[in-house]
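Participant: Okay, predicted coordinates and the sequence, questions at the end:
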Amino acid sequence: MAISVALMSLLIVFSVGVFSLLLGTVFDRLGAWDYPVLIYEPEFQFSFMPMGIFLLWSALLFLMVLVFCYAWLFLFSVLARRTSIAIGLTLAVVFLGVQFNDQIIGAYNPFLYFDVYEIITLETALVQENFDINLVSGVMSLGVSSLLIILMSYIVLSIRMR
């Protein structure tokens, strides 16, 4: 069930992306991939990143956010056995995690990485004065958290199957 939902979601995101790319190509041109994006750095300095690299990194981090959310959905699907309850619990956990992410200090809070734009531009790192909050730590935090949640789901599932 969760795999078919994940595949359908990826298909929808891919289709919308291809459709947007075709519309942009037909009505103007493919775009300015070298358009500069402002990136904050320590000690109040900044640099620029090309738009193409920014979009690639943003897509990677957003994909990890989706995997993290699907891991929660899988866990709640195993626990609740009803789709509506599992979706509701997943939305509640994600909403509460994002709302209270400033309560958990550190670069390894996976809910901190839901605002992809501010993570890639290092705006969150500048505001919190912690430049460990970046793409690499976001991918690691979301990936490890997702694996732990999926592992917990399989353990619960194997106990329930006995």
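Facilitator: Nice, thanks for sending it over.
Participant: hey, let's count contacts and neighbours off CA atoms from now on
Facilitator: Noted.
Participant: Can you list the residue ranges for strands in this protein?
Facilitator: For the chain, the strands defined by DSSP state E occupy 36-41, 45-50.
Participant: which strands and helices sit next to the last one?
Facilitator: Using 3 or more C-alpha pairs under 8 Å, 6 or more residues apart in numbering; DSSP states H and E, the elements in contact with strand 45-50 are strand 36-41.
Participant: same check, this time on the first one
Facilitator: The criterion is 3+ C-alpha pairs under 8 Å, 6+ apart, and the helices and strands that strand 36-41 contacts are strand 45-50, helix 51-80, helix 123-128.
Participant: again, only using 7 Å
Facilitator: The contact analysis (3 or more C-alpha pairs under 7 Å, 6 or more residues apart in numbering; DSSP states H and E) places strand 36-41 against strand 45-50.
Participant: Now do the strand it packs on and helix 51-80, the angle between them.
Facilitator: 90 degrees (axes from the mean of the first three to the mean of the last three C-alpha atoms, to 10 degrees).
Participant: picking that back up, out of the strands of the chain, deepest packed?
Facilitator: Among those, strand 36-41 has the highest mean neighbour count (mean count of other C-alpha atoms under 10 Å), at a mean of 16.
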